[in-house]
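> Fold the stuff below for me.
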Amino acid sequence: MGIELERKPAIELKSDIFRPFNELAITLSGGGFRASAFSLGCLSYLHRRNYENISLLDRVKFVAATSTGAMTGIAFSANSRLGFPFSKTYDHLRNKVLVGDKIIKEAARIVKDDKEWENTPAKSRNSINAFAKAYQKMVFDDLNFEVFWNNSGQGVEEVCFNASEMENGRTFRFQTDGRADTRLILGDRYLRIKDINLPSVKKLKLGDILAASSCFPIGFEPMLFPDDFAMDEAHKNDLISNTQKAKNYDWEDYETFTRSFALMDGGITDNQGIESLRISNEVRKTRNGRGYDLMLICDAVNYFMDPFEPQKEAENWWNRISLANISNVFKYSFIVLVISIVMLFISNDLWVAVLMTVISGIMFGLFLFGRYQLIKKPPASEAGHIPEPGGWWKWNTPVVLFLDFFLQNPFFKTEEMLKVRIRSALRVAMEIYLMQIRRINYDSLYSNPEWAYKTKAVSIYELSKRYENVFQKQIKRKKFNDEWARLLTPSEKVMQVADYAKQMNTILWFSKTDMREGIDNRRDSVIASGQFTTCYNLLEYILQIEEKYPGVLKDESIQTLKKEILEDWKRFQTEPMFMVESGE
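All right, here's what the predicted structure looks like:
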């Protein structure tokens, strides 16, 4: 059972006791293949170390995963329920799935192959569903959600894979603990499947769940539930008939929801899985009185943003072309039209004359229409009456007021204006907005005394060179003595690998450059970053609870674990990628 520690300060009697390393929960964030590989590294280090003769990974009772972190989370959890060794999951993901652009090529093949869509008539033929089929085949070996009702008594007890439903803007959770009397729901409080143990729920394909969790905006279309999840019409109808929505947002009064709804990337609402972890911990407390003993948040999201660079204006003669220039050309179309008409009577090349007449006539017509719209004024207003629009647009609107500016503005400047608007909108939506949600979730977690000394974030950026100054401030704030401050400080080699790992973009493939040998292999650098960052945080966690609870210094099991983790950390300092090849 391990040492029992009494929480200081006390929160409430039933949750004042926790047993470090006894029952673990873990969340795996989104972030493209970077998240999949980083999560795999985090899990592999937990697998390497034992506490009281049981690996830390086998002590994980709950897994929450979001977006492409769910690729690793679902694969690990499913294999765990089936009793497969972790080495099987590690080898499969590292050497067969996270390899170059295999998945994206398979998805591209599937979307063009008529035969791939014959047996799924309800599923839309589009890119996200092609990825769902590729995931189902290449990652999950055609397993369904039913795998988590495996009653073998081993492996992860509860899972939660996050998507975002677009009806209410809430996290839609594909979750279960495999219990007949479960308190969990599939969905959220506003939109849910009324019975999580339905056969139709168990038939959901893991590839579809991963696709729903990872279909990020702009990159993919939304997935429709239940259409894109249904094996056939009967399956679809069964899911529809068991879908409920809260009446007037009343969580205790539900009605049947009979139409399809859209699901998108879980990272939109809960990218780190913190809210899912919070809910699961509350449920856990009803069973054991204390919740989880240690909760690890594996976060592959980069805390730093690149500077927002202004657009640079190119110096070329054609960059001076504007609508006004073209309009000036159009005004000569009348002369060309007259010449063309004369040529109809005197030219031997009649077809050339006809072509010139048609083109110049169209240009002259457009010129007259444009001029008419520009000079046409609204009728005089009567007293107290606003005049009607004078043309096919309304006067005194921003578009009309700025029309002259856009007419005179060169095309390339208008293009740059549009580009900067798109870039800034994407920056706000895809980075700043999500980072703000991330900060709020972390702040709510760390400000809650119930989570103190039971939670540790494992972040991809924290051992990088760019974070070095912040890291040293954190070391001082935590008041480690000089010896431990020196031991905990990452080496240049560790920081180099961490920097290389965090620089990877949020994409669904590794390029040929990423797959180079040795330390230049981006995939392996990201996996290694997950391994040594988990090692570092477990060591730091033990030091923190030793400071708060002196009895930990006398606990043989924790001190043995601390010694082994410290030996690993020292080895990582000189060989940051020593675990990557074998995963242990």
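
> ok, residue 191 to residue 287 distance?
To residue 287, residue 191 is 27 Å away according to C-beta to C-beta, to the nearest Å. C-beta coordinates here come from the backbone N, C-alpha and C atoms, glycine included.

> More neighbours: which of the two?
residue 191 (20 against 9; other C-beta atoms under 10 Å).

> so what's the more buried one bridging to?
Beta bridges link residue 191 to residue 245, judged by DSSP bridges.

> And residue 298, by the same measure?
The partner residues for residue 298, given DSSP bridges, come to residue 28, residue 458.

> does it really touch residue 530, like I thought?
Yes. Using C-beta atoms under 8 Å, residue 298 is in contact with residue 530, at 7.0 Å.

> Overlap of the contact sets of those two?
38, 39, 42, 458 (C-beta atoms under 8 Å, 6 or more residues apart in numbering).

> What is the nearest of those residues to residue 214?
Among these, residue 39 lies closest to residue 214 (C-beta to C-beta), at 12.7 Å.

> which residues does that closest one contact?
Applying C-beta under 8 Å, 6+ apart to residue 39 gives the contacts 28, 29, 65, 69, 72, 73, 298, 300, 530.

> next one: the helix or strand containing the fifth one to chain centre, how far?
Mapping residue 72 onto the secondary structure by DSSP states H and E places it in helix 69-81. Helix 69-81 sits 17 Å away from the centroid of its parent chain (C-alpha atoms, centre = their mean, to the nearest Å).

> Let's test this: mean pLDDT of the helix or strand following it, rounded?
As assigned by DSSP H and E, the chain's next helix or strand after helix 69-81 is helix 86-92. Taken as a whole, helix 86-92 has an average pLDDT of 97.

> List the single closest residue to residue 254 in space, sequence neighbours excluded.
Leaving aside its sequence neighbours, residue 254 sits nearest to residue 244 (C-beta to C-beta, 6 or more residues apart in numbering; 4.0 Å).

> Just confirm that neighbour contacts residue 255, I think it does.
Yes. The criterion here is C-beta under 8 Å, and residue 244 meets it with residue 255 at 6.6 Å.

> Between the two, which has more neighbouring residues?
Shown here are residue 244 and residue 255; by other C-beta under 10 Å, residue 244 has more neighbours (18 against 10).

> contacting residues for the more buried one?
With contact set as C-beta under 8 Å, 6+ apart, residue 244 has these partners: 191, 192, 193, 194, 254, 255, 256, 257.

> can you do 10 Å?
Taking C-beta atoms under 10 Å, 6 or more residues apart in numbering as the criterion, residue 244 is in contact with 185, 187, 190-195, 253-257.

> Also residue 34?
Applying C-beta under 10 Å, 6+ apart, the residues contacting residue 34 are 68-69, 300-302, 460, 501-507, 510, 522-523, 526, 529-530.

> Just the buried residues of these.
68-69, 300-302, 460, 501-504, 506-507, 510, 522-523, 526, 529-530 (16 or more other C-beta atoms under 10 Å).

> between the contacts of residue 244, which is nearest residue 237?
Nearest to residue 237 among those: residue 256, at 12.1 Å, using C-beta to C-beta.

> which ones are touching that closest one?
Per C-beta under 10 Å, 6+ apart, neighbours of residue 256: 194, 240, 241, 242, 243, 244, 245.

> Now do it, the pLDDT please.
Looking at residue 256, its pLDDT reads 91.

> same deal with residue 288?
85.

> what's the spacing between the closest residue in space to it that isn't next to it in sequence and residue 249?
Excluding the flanking residues, the one nearest residue 288 by C-beta to C-beta, 6+ apart is residue 23, at 7.5 Å. Distance, residue 23 to residue 249, using C-beta to C-beta: 35 Å.

> Just want to know which of the two has more residues nearby.
The residue with more neighbours, out of residue 23 and residue 249, is residue 23; 20 against 10, by other C-beta under 10 Å.

> what's that one sitting at in phi/psi?
phi -120, psi 120 (degrees, to the nearest 10).

> what does residue 162 give?
phi -90, psi 130.

> Count residues in the vicinity of it, would you?
Number of residues near residue 162 (other C-beta under 10 Å) recorded here: 32.

> is it true that it touches residue 171?
Yes. At 5.3 Å, residue 162 and residue 171 qualify as touching, with contact defined as C-beta atoms under 10 Å.

> tell me, what's touching these two both at once?
Listed as contacting both residue 162 and residue 171 by C-beta under 10 Å, 6+ apart are 66, 266, 268, 269, 270, 271, 273, 275, 276.

> Switch those residues over to TSV; also include neighbour count and pLDDT.
Below are the shared contacts of residue 162 and residue 171 laid out as TSV (neighbours: other C-beta atoms under 10 Å; pLDDT from 0 to 100):
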residue	neighbour count	pLDDT
66	32	96
266	32	92
268	25	89
269	20	90
270	28	90
271	28	90
273	35	93
275	20	92
276	25	94
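
> Which ones among those residues lie within helices?
Judged by DSSP state H, the subset of those located in helices is 268, 269, 270, 275, 276.

> Looks to me like residue 252 is in a strand.
No. Using DSSP: H, G, I helix; E, B strand; the rest coil, the assignment for residue 252 is coil, not a strand.

> got the contact list for it?
189, 246 are the contacts of residue 252 under C-beta under 10 Å, 6+ apart.

> and it, how far is that from residue 185?
According to C-beta to C-beta, residue 252 stands 13 Å off from residue 185.

> How about residue 566?
To residue 185, residue 566 is 43 Å away according to C-beta to C-beta.

> in the stretch 451-584 of the chain, which ranges drop under the pLDDT threshold?
Within the stretch 451-584 of the chain, no range satisfies pLDDT under 70.

> In it, mark out all the helices, start to finish.
Secondary structure of the stretch 451-584 of the chain (DSSP state H, counting those that start in this stretch): helices at 468-477, 482-488, 492-502, 522-548, 556-574.

> Now do the buried residues in the last one.
Spelled out, that is helix 556-574. 558, 561, 562, 564, 565, 566, 568, 569, 572, 573.

> next one: the second one
For helix 482-488, a neighbour-count test (16+ other C-beta under 10 Å) marks residue 488 as buried.

> what's the answer for the first one, then?
By neighbour count, with 16+ other C-beta under 10 Å as the criterion, the buried positions of helix 468-477 are 471, 475.

> Repeat that for the third one.
Buried residues in helix 492-502, defined by neighbour count with 16+ other C-beta under 10 Å: 493, 494, 495, 496, 497, 498, 499, 500, 501, 502.

> Tell me the helices and strands packed up against it.
Packing partners of helix 492-502 (3 or more C-beta pairs under 10 Å, 6 or more residues apart in numbering; DSSP states H and E): helix 32-48, helix 468-477, helix 522-548, helix 556-574.

> and the second one, what other elements does it pack with?
Going back to what we said before, that points to helix 468-477. helix 482-488, helix 492-502.

> number of nearby residues for residue 229?
Neighbours around residue 229, by other C-beta under 10 Å: 28.

> can you check residue 200 too?
Residues near residue 200, counting by other C-beta under 10 Å: 21.

> Chain neighbours aside, what residue packs nearest to it?
Distance criterion C-beta to C-beta, 6+ apart; nearest residue to residue 200, sequence neighbours excluded, is residue 238 at 4.1 Å.
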